[in-house]
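**Student:** mind looking at a prediction? Sequence and model below.
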Amino acid sequence: MTILYKLVDKNQWDSLKKAYIFLTINVLVWALLGFLVWKIIFSHSLEGIDWMMCFTGYPGFFAGFIGGLMTLYNLS
């Protein structure tokens, strides 16, 4: 997460806009990772849109959003 923040930090934006962009990208990356894990498992079991929402939503919120907030708190 710090690598992603350093990439966003290189731009000439104010700190609030940097935080918004970092959190948005971080949530999307973690949700995409969860989707890829679900896609691998989908071929064997756990079919359905409800499982896809679980596999994308939980990593997106907890690792992406909450983890991103903790990263912003530690780096600022």
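**Tutor:** Yep, it's here.
**Student:** most remote residue from this protein's center?
**Tutor:** residue 44 (25.3 Å; Cα atoms, centre = their mean).
**Student:** mind listing what the most centrally placed residue in the chain touches?
**Tutor:** Closest residue to the average C-alpha location of the chain: residue 27 at 2.4 Å, with Cα atoms, centre = their mean. Residues counted as contacts of residue 27 (Cβ atoms under 8 Å, 6 or more residues apart in numbering) are 60, 61, 64, 65, 68. Heads up, the C-betas are built off the backbone N, CA and C, glycines and all.
**Student:** and for residue 71?
**Tutor:** Going by Cβ under 8 Å, 6+ apart, residue 71 touches 1, 2, 5, 22, 26.
**Student:** now intersect those with the helices, please.
**Tutor:** Members of these lying in helices (criterion: DSSP state H): 2, 5, 22, 26.
**Student:** can you report how many residues neighbour the closest residue to the last one other than its chain neighbours?
**Tutor:** Beyond its immediate neighbours in the sequence, the residue positioned closest to residue 26 (Cβ to Cβ, 6 or more residues apart in numbering) is residue 68, lying 4.1 Å away. Residue neighbour count, defined by other Cβ atoms under 10 Å, stands at 22 for residue 68.
**Student:** any idea how far residue 68 is from residue 76?
**Tutor:** According to Cβ to Cβ, to the nearest Å, residue 68 stands 12 Å off from residue 76.
**Student:** repeat that for residue 6.
**Tutor:** According to Cβ to Cβ, residue 6 stands 13 Å off from residue 76.
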